[in-house]
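Undergrad: Take a look and give me a structure for this.
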Amino acid sequence: MKKSFLFISCDEAKHICDKTQYDEATGWERIKLGIRLSWCKFTKAYSQNNNKLTEVVEKAEVNCMKKDERDKLQDQFNKELVKHQ
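TA: Numbers count the residues shown, from 1 in each chain. As a prediction, this is how the structure comes out:
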């Protein structure tokens, strides 16, 4: 089967969608993805979910414990563990 230069497979569209998320897709890849998105509901859903995931990760406010806090908590845990053995 001859590969079309304009129409891409769903797997290739997903790969380009991921590349677009990280600004690594070329202009031509974006055009081919846009064509695929215009008629493929599965690729469109994948793209929408990908965009939502990107937004959630960018807005996430993750507060990690500092190393000294984590060590202090680990020590307390170990002391309590010894008490109950």
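
Undergrad: got the contact list for the host helix or strand of Leu81?
TA: In this assignment (DSSP states H and E), Leu81 forms part of helix 67-83. Under the contact criterion CB atoms under 8 Å, 6 or more residues apart in numbering, helix 67-83 has outside partners Met65. Where C-beta positions appear, they are placed from N, C-alpha and C, glycine not excepted.

Undergrad: In CSV, list the C-alpha atoms belonging to stretch 8-25.
TA: In CSV, the C-alpha atoms belonging to stretch 8-25 read as follows (Å, rounded to 0.1, in the frame of the first residue of the first chain):
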residue,chain,number,x,y,z
ILE,A,8,-1.2,10.1,8.3
SER,A,9,-2.0,7.1,10.5
CYS,A,10,-3.6,7.5,13.9
ASP,A,11,-0.4,6.4,15.6
GLU,A,12,1.7,8.9,13.6
ALA,A,13,-0.9,11.6,14.5
LYS,A,14,-0.5,10.7,18.2
HIS,A,15,3.2,11.0,17.9
ILE,A,16,3.0,14.4,16.3
CYS,A,17,0.5,15.5,18.9
ASP,A,18,3.0,14.6,21.6
LYS,A,19,5.8,16.4,19.7
THR,A,20,3.5,19.5,19.4
GLN,A,21,2.9,19.5,23.1
TYR,A,22,6.7,20.1,23.6
ASP,A,23,7.1,22.4,20.6
GLU,A,24,9.2,19.9,18.7
ALA,A,25,6.9,19.4,15.7
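
Undergrad: What residues of it count as buried?
TA: Within stretch 8-25, the residues scored as buried using 16 or more other CB atoms under 10 Å are Ile8, Glu12, Ala13, Lys14, Ile16, Cys17, Thr20, Ala25.

Undergrad: what distance separates that stretch from the middle of the whole chain?
TA: 12 Å (CA atoms, centre = their mean, to the nearest Å).

Undergrad: which ones are touching Lys32?
TA: Residues near Lys32 by CB under 8 Å, 6+ apart: Leu6, Phe7, Ile8, Ala13, Ile16.
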